[in-house]
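Asker: how does the following fold in three dimensions:
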Amino acid sequence: MERMEKLIDNLPPMDLMRSEKMTLVQLIIPVESARRSISYLGELGLLQFRDLNAEKSPFQRTFVNQVKRCGEMSRKLRFFKDQISHAGLLSSVHPVVEPDVELEELEIQLAEHEHELIEMNSNSEKLRQTYNELLEFKMVLQKAGGFLLSSNNHAVAEERELRENVYSNDDYVETSSLLEQEMRPADQSGLRFISGIICKSKALRFERMLFRATRGNMLFNQAPSGEEIMDPLSAEMVEKTVFVVFFSGEQARTKILKICEAFGANCYPVPEDINKQRQITREVLSRLSELETTLDAGIRHRNKALTSIGYHLTQWMSMVRREKAVYDTLNMLNFDVTKKCLVGEGWCPIFAKIQIQEALQRATFDSNSQVGVIFHVMDAVDSPPTYFRTNHFTNAYQEIVDAYGVARYQEANPAVYTVITFPFLFAVMFGDWGHGICLLLGALVLIARESRLSAQKLGSFMEMLFGGRYILLLMSLFSIYCGLIYNEFFSVPFHIFGGSAYKCRDATCSDAHSAGLIKFRDPYPFGVDPSWRGSRSELPFLNSLKMKMSILLGVAQMNLGIILSYFNARFFHNSLDIRYQFVPQMIFLNSLFGYLSLLIIIKWCTGSQADLYHVMIYMFLSPTDDLGDNELFWGQRPLQIILLLLALVAVPWMLFPKPFILKKLHSERCQGRTYGMLVTSEFDLDVEPDSARQHHEEFNFSEVFVHQMIHSIEFVLGAVSNTASYLRLWALSLAHSELSTVFYEKVLLLAWGYDNIVIRLVGLAVFVFATAFILLMMETLSAFLHALRLHWVEFQSKFYHGDGYKFKPFSFALITEDND
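Answerer: Numbering: from 1, shown residues only. Below you'll find the model as predicted:
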């Protein structure tokens, strides 16, 4: 035993097996070098700061004004980005790199740019509004002129017509040169009219309201404007309708004007005299031409200003994000007014201490500070964060484990084994080397475009798919491997590794489905013999093979989980967990289901016809009865009795000793006879001087006993239910195979039986659609989720606590656009 322990101790450490050793450090930073020190630490990204001002609100912190300034600059930069986007321009892909722009200078630049843009937008908006009004006036002159010509002659002089018309836009200065000359005191007699323009969608309701308001004493003429006009509120192009309302009386005029105002209709004066109409039209067209030129010049000037901003926008946004992150971090530090320094605490990996000290020395030198940053290690009471150094390949598997729960500090990491076991169990359910090749092609496309896709902003589905590209790669490779074992290529078997070991009883093979085949040579060298396909015993054979294989894989993985609990207990020097948890759990699981796995292997090797269901049932009901034909080896009955007794003994072994021993150790500790730590991780402080020392609360025996009882009952019941849960490997593999067979035989082969190209193409299209969307998407997702459940519940529950918290260092690399 000692030799085995020495051998285990001498094994080289695995990078992902345990999280990085962490230490709690304290920083005492002079005020003059504080900002630069935090900035350098952000570039390094290996220190997680603790918030020492958690009881203070954001407005009570030291650097609240700087954070507000950065927030204001972020708002301005978002405004510039929106303006560039609305103008249809693109920010520079290769931004101009400016040498060390100070925050104050940048703040002044942004304020100037914002003021300039707001002024240009205001002028442009006024010009656009004037342009729209002139455009509407032009349409009203063109359309309403036709109405007036077709109407009867009024007994009103030409000089009166214009002033009786409504000129509702009092601010309309630009087009009033001729019209103002025509304004005269109003005459209250005769027939009048109001002309204007309204949105097409409101025209019908507008007409009804006018009819009701005037009690039918009006004549409403309308015509489409012929072209769309920009709505100043929504900035969208809308269709409008020109209208002319004929009426009599001042009261009717007042009502109509109010209705026009309520419906947002713009009214314009149109004289009846043709000459005056033509003269006003010429004036309007002239002003429109001038405004178009002015607007184009304004847009060019604005786009030029936005383009110059776009060259620097990416750098400015990055700089402001960094500065805001620096001041947010500085707000987590305590400010010592007397000593004029900032005091901070944080977690960092032990390997990063030298790099952090070098960064702080560099910050002191660059800020010309007379006093250096004091960096020293502290003893911690709280448990440290968990930090695993991952790469592009292992990161996705670590995320799968972290989705269940972040590992407790330095406990065994399931991701080490998940890298292989997860895609393998997926492939057991998905085994088809044709489908595996399709998944492999998809994974290779994602990996080949890795650099391009990582720089793009992807949708939620594509982002998830791209993040799991290496999981997809291994799932596809293992699917090809399991598909070769099952001998299925889109459900079709192939003679890849030689000829079949079976042949028909006669030349016609007429009784292959009824009487079966006969064996005439050695077994097929790799995987399932292709002759099983379509034979009488195909389904019973494959069911038996996959069900037993599922049990073997499940028992092996659960044993691995229990063995990892031993390594956890050994690492944390918890001998109680080894003696009263690991040992009885191994005995219980393997006395029952380890024995079942042994029977399966013996039956496969000997070709016995023993009924394993009968053996396992009567092992509990009648352990002393003779096994008869179900006996697989000599001494099986006494072995079963011994294993059954061991399983029964293992249950109280798990339940009772540990709580009572803990109670005894606690009472001895209280009496001063021993000072050892109880039920906790005992760390070697020489090796790890800064590790967490857990805080010990009052010992509660009833709570400990209930917890141990729940844990024991959960394991005993879970041993049965978890083993049964692994039968999902058999069920999903069978379902995938049968679905694939149905699509192949009942769709593709059935369509190919017709001598019609259209039916064949339709059958091929349905087969491709079913394969792609049902087998390659839905079945992949189903197998993925079932493999996830097997790892989270059946495997990790044996050893994994998952109650830690992630190491989240202050790093500029982790800052995203969401931080704006």
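
Asker: pLDDT weak spots in this protein?
Answerer: Applying pLDDT under 70 to the chain flags residues 1-15, 91-100, 149-190, 231-235, 505-516, 672-697, 817-820.

Asker: and Ile108, how far from Leu219?
Answerer: Ile108 is 63 Å from Leu219, where distance means Cβ to Cβ, to the nearest Å. Where C-beta positions appear, they are placed from N, C-alpha and C, glycine not excepted.

Asker: with neighbour numbers in mind, choose between those two.
Answerer: Counted by other Cβ atoms under 10 Å, Ile108 and Leu219 do not tie: Leu219 has more neighbours, with 14 against 11.

Asker: which residues does the more buried one contact?
Answerer: Val245, Phe246, Phe247 (Cβ atoms under 8 Å, 6 or more residues apart in numbering).

Asker: I'd like to know which elements the helix or strand harbouring Ser39 is packed against.
Answerer: Taking DSSP states H and E as the criterion, the element that holds Ser39 is helix 34-44. Packing partners of helix 34-44 (3 or more Cβ pairs under 8 Å, 6 or more residues apart in numbering; DSSP states H and E): strand 22-30, helix 274-330, helix 353-366.

Asker: buried sites along the helix or strand encompassing Val720?
Answerer: Using DSSP H and E, the secondary-structure element containing Val720 is helix 701-725. By neighbour count, with 16 or more other Cβ atoms under 10 Å as the criterion, the buried positions of helix 701-725 are Val704, Phe705, Gln708, Ser712, Phe715, Val716, Gly718, Ala719, Asn722, Thr723, Ser725.

Asker: then stretch 215-235?
Answerer: Within stretch 215-235, the residues that count as buried by 16+ other Cβ under 10 Å are Met218, Phe220, Asn221, Gln222, Ser225, Ile229.

Asker: is it correct that the first one is in contact with Met209?
Answerer: No. Taking contacts as Cβ atoms under 8 Å, Met218 lies outside contact range of Met209: 11.1 Å.

Asker: angle of the helix holding Ser39 against strand 22-30?
Answerer: 150 degrees (axes from the mean of the first three to the mean of the last three Cα atoms, to 10 degrees).

Asker: just want the angle from helix 34-44 to helix 274-330.
Answerer: Going by the same axes, to 10 degrees, helix 34-44 is angled at 90 degrees with respect to helix 274-330.

Asker: got the angle between helix 34-44 and helix 353-366?
Answerer: Angle between the axes of helix 34-44 and helix 353-366 is 140 degrees (criterion: the same axes, to 10 degrees).

Asker: strand partners (parallel or antiparallel) of the helix or strand just after helix 34-44?
Answerer: Next in sequence after helix 34-44, counting helices and strands by DSSP H and E, comes strand 48-49. Counting by DSSP bridges, the strands paired with strand 48-49 are strand 341-349 (antiparallel).

Asker: what comes up buried for the strand it pairs with?
Answerer: Across strand 341-349, burial judged by 16+ other Cβ under 10 Å covers Cys341, Leu342, Gly344, Glu345, Gly346, Trp347, Cys348, Pro349.

Asker: okay, now stretch 441-456: how far is its last residue from its first?
Answerer: End-to-end distance of stretch 441-456 (Cα to Cα, to the nearest Å): 21 Å.

Asker: restricted to strands, list the buried residues of stretch 215-235.
Answerer: Using DSSP state E, the members of those that fall within strands are Phe220, Asn221, Gln222, Ile229.

Asker: which of the residues you listed lies closest to Cys260?
Answerer: Using Cβ to Cβ, the shortest approach to Cys260 within those belongs to Phe220, at 12.2 Å.

Asker: in contact with Phe497, which residues?
Answerer: Tyr524, Pro525, Phe526, Gly527.

Asker: immediately after the helix holding Val720, which helix or strand?
Answerer: Immediately after helix 701-725, counting by DSSP H and E, sits helix 728-743.

Asker: what sits up against that next one?
Answerer: The set of residues external to helix 728-743 that reach it, using Cβ under 8 Å, 6+ apart, is 425, 428-432, 435, 486, 488, 490-491, 542-543, 546-547, 549-550, 553-554, 767, 770-771, 774-775, 779, 782-783, 786, 789-790.

Asker: show me which of those are buried.
Answerer: For the contacts of helix 728-743, a burial check counting by 16+ other Cβ under 10 Å picks out 425, 428-432, 435, 486, 488, 490-491, 542, 546-547, 549-550, 553-554, 767, 770-771, 775, 779, 782-783, 786, 790.

Asker: in this structure Pro657 contacts Tyr580, no?
Answerer: Yes. If you go by Cβ under 8 Å, Pro657 and Tyr580 touch, sitting 4.9 Å apart.

Asker: which one of these two is surrounded by more residues?
Answerer: A count of neighbours by other Cβ under 10 Å puts Tyr580 above the other of Pro657 and Tyr580, at 20 against 16.

Asker: so that one makes contact with Phe660?
Answerer: No. Tyr580 is beyond contact range of Phe660, at 10.1 Å (criterion: Cβ under 8 Å).

Asker: now Trp792. Nearest residue, chain neighbours left out?
Answerer: Excluding its sequence neighbours, the residue lying closest to Trp792 (Cβ to Cβ, 6 or more residues apart in numbering) is Tyr404, at 4.7 Å.

Asker: same check, this time on Lys255
Answerer: With Cβ to Cβ, 6+ apart as the criterion, Lys255 has its nearest non-adjacent residue at 4.7 Å, and that residue is Ala213.

Asker: cool, and Leu646?
Answerer: Here the residue nearest Leu646, using Cβ to Cβ, 6+ apart, is Ser591, at 4.7 Å.

Asker: about what we covered before: for the residue nearest to Trp792, what are its contacts?
Answerer: Applying Cβ under 8 Å, 6+ apart to Tyr404 gives the contacts Trp792, Gln796, Tyr800, Gly802.

Asker: so which of the residues you listed would you say is closest to Arg637?
Answerer: Nearest to Arg637 among those: Gln796, at 36.8 Å, using Cβ to Cβ.

Asker: what residues does that closest one make contact with?
Answerer: Val401, Tyr404, Pro414, Gly561, Gly802.

Asker: ok, and the most crowded of those residues?
Answerer: Of the contacts of Gln796, with other Cβ under 10 Å as the count, Pro414 tops at 28 neighbours.

Asker: what separation do you get for that one and Arg50?
Answerer: Taking Cβ to Cβ, one finds Pro414 at 28 Å from Arg50.

Asker: what do you get for Pro384?
Answerer: Distance from Pro384 to Arg50, by Cβ to Cβ: 11 Å.

Asker: Lys457 now?
Answerer: Here the distance between Lys457 and Arg50 works out to 33 Å (Cβ to Cβ).

Asker: looking at these two, which one has more neighbours?
Answerer: Taking other Cβ under 10 Å, Lys457 and Arg50 do not tie; Arg50 has more neighbours (14 against 7).

Asker: so that one makes contact with Glu345?
Answerer: Yes. At 4.7 Å, Arg50 counts as touching Glu345 under the criterion of Cβ under 8 Å.

Asker: once you drop chain neighbours, what's closest to Phe430?
Answerer: Using Cβ to Cβ, 6+ apart, the closest residue to Phe430 is Ala783 (4.6 Å).

Asker: ok, now which ones touch the one you found?
Answerer: Counting by Cβ under 8 Å, 6+ apart, Ala783 touches Phe426, Met429, Phe430, Leu732, His736.
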